[in-house]
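In: With the input below, show me the fold.
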Amino acid sequence: MKKSKKLLSLILFLCLNQFLVKGVNIQPVERSIGKLKISIDPRVEILTTVQLLSNYPMIDRTSPYSREIMNYFETFASHEAVSMTDILFEKHGFSFDAPLGFMSYLSHLPELEQKIAFTHELRLRSGGGDNLEQYRKAIKQFSEISNFESFWNKRIPLYNQIIDLTIADITEMDLVKILEGYFNETNESYNIVIVPSLKGGYGHTITDADGKKLLYSFCLTSDMKDDIPYLHGNNFFDLVWHEFGHGFVNPLSEKHSERVSSLNKLFEPIRAKMSSMYYGAWKICVDEHVIRAVNTRLFELYLGSQQSKAMLESELQRRFIYIEPLIEKLKDFEKRRDQNGITFSEFYPELLNVLDSLLKIEYWTQVDVNFNGPIIGTIMEKRLAIIYPTCDFDSEALEIAKKQSLLTFDRFYSEMGGILLADTTALKTDLSGYGIIAYGTIESNLFLKRYAATFPFRIENQTIYADKEYTDKDLKFITCVPNPHNPQKGMSIYTALSNRAIQDIDDALHKGDFQFLFEDYILFLNLETVVSRGFYKNTNEKWTF
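Out: Sure, this is the predicted structure:
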């Protein structure tokens with residue numbers, strides 16, 4: 001009898017336990033640092049799983065993690081959630097931040113119920129009607145029949161490793177506290193969601209039923225350690241100060257939409273460049289100008305004038321030509337904020353007054369748009385030509401330089417309108433519409449050799465003549481000059497005394513350490529050993545040390 005009771009109790013316990021487990025929400029793997037949350041979210045992972053199986057283009061299908069997902073779920077590739085992903089993108093342009101943001105309006109799996117009202121804009125971007133509700137139901141069903149929960153649970157150790165590697169790299173500065181302090185305003189939460197299969201990064205702001213703002217930044221991993229992808233800490237300045245800056249700035253351009261629209265003539269001189277970066281509307285362009293002006297001030301205040309100058313030069317090269325007057329006006333805001341407690345929202349109309357004054361004097365006619373550095377200014381070009389060398393008696397060394405150029409092209413530019421050229425082909429090609437990245441020694445890269453006399457440095461007799469003379473055979477040299485085919489665009493040069501020293505010369509780029517490239521030149525042995533760096537003097541269109 002006692003054995004029967006024990007057996008019955010065990011059966012009841014197992015049944016109850018199974019019921020409880022099935023009813024448990026699948027929670028994100030996350031860490032909190034003050035108000036900042038860094039997570040991998042199962043809602044987003046089920047979305048990207050569906051996107052990977054579809055023809056959706058803004059997704060990375062090349063990584064081991066992505067390939068594992070596609071292999072695991074390939075038998076569900078004909079599911080309605082997959083076909084709806086294609087329809088919503090192809091018919092309505094439901095892409096970029098919209099699908100990712102959409103998932104944040106929903107409760108956690110397995111329920112995946114709507115918990116916050118969709119905005120009118122989000123509904124429009126999905127084609128209206130009940131498209132979002134149908135998509136929600138389809139994704140929920142996909143999760144159930146594919147047993148997504150099992151896939152997620154088996155990979156929780158991996159997700160923890162990704163998060164742990166990411167937070168190990170984060171600066172000790174409280175970036176959210178600094179951001180809120182600058183605007184003199186607060187938001188409810190700041191959420192960085194790491195999406196290993198994502199291509200690109202997107203911000204999205206949600207307002208809950210209580211009117212509180214939840215700020216999201218969805219971003220790809222940027223680096224790899226022991227075969228574990230993670231987000232390098234140097235990206236957090238941009239993620240927190242820029243992406244979350246949208247949560248403060250964008251609502252203000254919406255609130256003052258009529259005033260913003262009245263300044264639309266300012267858009268025409270920069271429309272083509274802005275559109276090439278997907279900033280194809282004047283309101284978006286205003287938001288970007290203001291946020292980038294704020295970021296430049298934050299860099300000046302917390303990272304130093306060198307970083308700030310590099311950021312400003314980079315923004316000017318990308319044709320954010322109204323940024324300098326906005327920066328000067330922000331200095332006035334900072335004084336009044338500290339003295340009188342004015343908020344950014346209260347001050348915002350005065351930034352529009354600045355733009356109005358620029359319209360009246362046709363400011364765009366007074367701006368020098370020729371390339372003026374820094375190195376990162378070339379890398380950020382939408383269209384890039386990457387040139388590799390072909391002339392070196394040391395064939396192994398030549399292959400090293402070519403491999404470096406190929407790695408950069410494949411990782412960053414092959415799907416973004418970039419082109420990969422041999423130096424001999426580059427010499428016969430009109431590159432006036434491109435930024436240029438050229439690899440190799442000056443002698444081995446015939447394109448560099450053609451224009452070497454115009455550079456502010458020389459490399460000859462096994463010596464680099466820059467701010468002083470350098471003869472270390474292992475020294476790497478990255479610099480920038482104007483594109484010889486078009487001075488409004490730049491050319492970054494990755495060179496050394498030999499092509500063997502080119503090995504790993506662009507580690508900073510591949511590790512997402514863009515701050516390493518925020519000057520006009522840098523001589524270094526590795527990322528930790530910098531010999532010299534700085535900016536050129538630019539007088540009478542001649543660059544000198």
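
In: low-confidence ranges in the chain?
Out: Within the chain, the stretches with pLDDT under 70 are 1-23, 276, 415-416, 511-515, 540.

In: domains of it?
Out: Per automatic domain parsing, the structural domains of the chain span 29-230, 244-366, 375-544.

In: Including mean neighbour count and distance to F237, could the ones you listed go into CSV?
Out: Heads up, the C-betas are built off the backbone N, CA and C, glycines and all. Output for the domains of the chain, formatted as CSV (neighbours: other C-beta atoms under 10 Å; distance: least, C-beta to C-beta, whole Å):
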stretch, mean neighbour count, distance to F237
domain 29-230, 18, 7
domain 244-366, 18, 8
domain 375-544, 19, 8
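
In: In JSON lines: these, plus distance to D238.
Out: Converted to JSON lines, the domains of the chain look like this (distance: least, C-beta to C-beta, whole Å):
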{"stretch": "domain 29-230", "distance to D238": "8"}
{"stretch": "domain 244-366", "distance to D238": "8"}
{"stretch": "domain 375-544", "distance to D238": "8"}
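
In: what's near enough to touch the residue positioned nearest the centre of the chain?
Out: Closest residue to the average C-alpha location of the chain: G201 at 5.1 Å, with C-alpha atoms, centre = their mean. Each residue near G201 by C-beta atoms under 8 Å, 6 or more residues apart in numbering is listed here: S217, F218, C219, L220, L239, E243.

In: On the strand side of things, show who it bridges to.
Out: C219 (DSSP bridges).

In: I'd like the distance from it to Y190, if you could.
Out: From G201 over to Y190 the distance is 15 Å, taken as C-beta to C-beta, to the nearest Å.

In: With A452 instead?
Out: To Y190, A452 is 48 Å away according to C-beta to C-beta.

In: same thing with I386?
Out: I386 sits at a distance of 36 Å from Y190 (criterion: C-beta to C-beta).

In: With K309 instead?
Out: From K309 across to Y190, the span is 28 Å (C-beta to C-beta).

In: end-to-end on stretch 48-62?
Out: Start-to-end span of stretch 48-62 (C-alpha to C-alpha, to the nearest Å) is 14 Å.

In: Contacts for that stretch, please.
Out: Contacts for stretch 48-62 (C-beta under 8 Å, 6+ apart): 66-67, 69-70, 73-74, 76-77, 79, 81-83, 85-86, 89, 95-96, 99, 139, 142, 148, 195, 197-200, 220.

In: Which residues are in contact with F183?
Out: By C-beta under 8 Å, 6+ apart, F183 lies in contact with F248, V294, T343, F344.

In: of all these, which two lie farthest apart?
Out: For these, with distances taken as C-beta to C-beta, the pair at the greatest spread is V294 and T343 (13.4 Å).

In: Was I right to think K212 contacts N187?
Out: Yes - between K212 and N187 there is a contact at 7.5 Å, judged by C-beta atoms under 8 Å.

In: mind listing the strands in the stretch 301-450 of the chain by residue range?
Out: Remark: strands assigned in the stretch 301-450 of the chain by DSSP state E, counting those that start in this stretch are 384-388, 419-422, 435-439.

In: Could you double-check that G93 lies in contact with S126?
Out: No - under the criterion of C-beta under 8 Å, G93 is not in contact with S126, lying 9.3 Å apart.

In: anything in contact with each of those two?
Out: Both G93 and S126 lack any common contact, where contact means C-beta under 8 Å, 6+ apart.

In: helices or strands up against the strand or helix carrying R292?
Out: In this assignment (DSSP states H and E), R292 forms part of helix 282-302. If you count contacts as 3 or more C-beta pairs under 8 Å, 6 or more residues apart in numbering; DSSP states H and E, helix 282-302 packs onto helix 175-183, helix 245-255, helix 257-261, helix 271-276, helix 305-317, helix 323-340.
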